[in-house]
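Colleague: any chance you could fold what I've pasted below:
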Amino acid sequence: MRVWFRSRNGPIRLLWLYATALGAATGLSPAGELSGPSDLASRVACALVLALWVMRDAQQRRIQLCHDYDSFVFFLWPAVVPTYLFRTRGWRAFVTLGCFAGILSFAVLVNLMIFGIRELGVP
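Modeller: Just a heads-up that it's a prediction; the model follows:
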């Protein structure tokens, strides 16, 4: 593994990369939405990045998680990630969830930028 991948900010960098790739793929697709295989790949990538982030965060906080917790996060991330955040951070979990929402809203900005360049002919 590369050093940046194992570093503290590695999973966050992957989340930024995911958001950029999602926005670009959606903006470049003819229908403005992802096709079946691309949508599946996007969902798998999101689940993998979030599972990696949770495991890295637990490791940094020295929290012992149950065996195969990363599998729980992968398959049930809409429920497990907020539960983990509120368990480890309390009400400050809203800050982390807001950061995640901000990073994923970057995908919308990339999508709009590509749409503007492609459809509106913005130089």
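Colleague: residues in contact with the nearest residue to residue 48 once chain neighbours are set aside?
Modeller: Counting by C-beta to C-beta, 6 or more residues apart in numbering, the nearest residue to residue 48 once its immediate chain neighbours are dropped is residue 74, at 6.7 Å. In short, each C-beta sits where N, CA and C put it, glycine included. Residue 74 sits next to 47-48, 50-51 when contact means C-beta atoms under 8 Å, 6 or more residues apart in numbering.
Colleague: likewise residue 11?
Modeller: So, once contact is read as C-beta under 8 Å, 6+ apart, residue 11 ends up touching 49, 52-53, 56-57.
Colleague: swap in 7 Å and give it another go.
Modeller: Residues touching residue 11, when contacts are defined by C-beta atoms under 7 Å, 6 or more residues apart in numbering, comprise 49, 52-53, 56.
Colleague: this protein: helices as residue ranges?
Modeller: 3-6, 10-28, 36-60, 69-89, 93-119 (DSSP state H).
Colleague: lowest average pLDDT across these?
Modeller: Across the helices of the chain, the stretch with the lowest average pLDDT is helix 3-6; it has a mean of 49.
Colleague: count of neighbours near residue 73?
Modeller: By the criterion of other C-beta atoms under 10 Å, residue 73 has 24 neighbours.
Colleague: surely it meets residue 52?
Modeller: No - the pair residue 73 and residue 52 fails to qualify as a contact (C-beta atoms under 7 Å) at a distance of 8.9 Å.
Colleague: what residue is smack in the middle of the chain?
Modeller: Centre of the chain computed as the mean C-alpha position; nearest residue by C-alpha atoms, centre = their mean is residue 15, 4.1 Å away.
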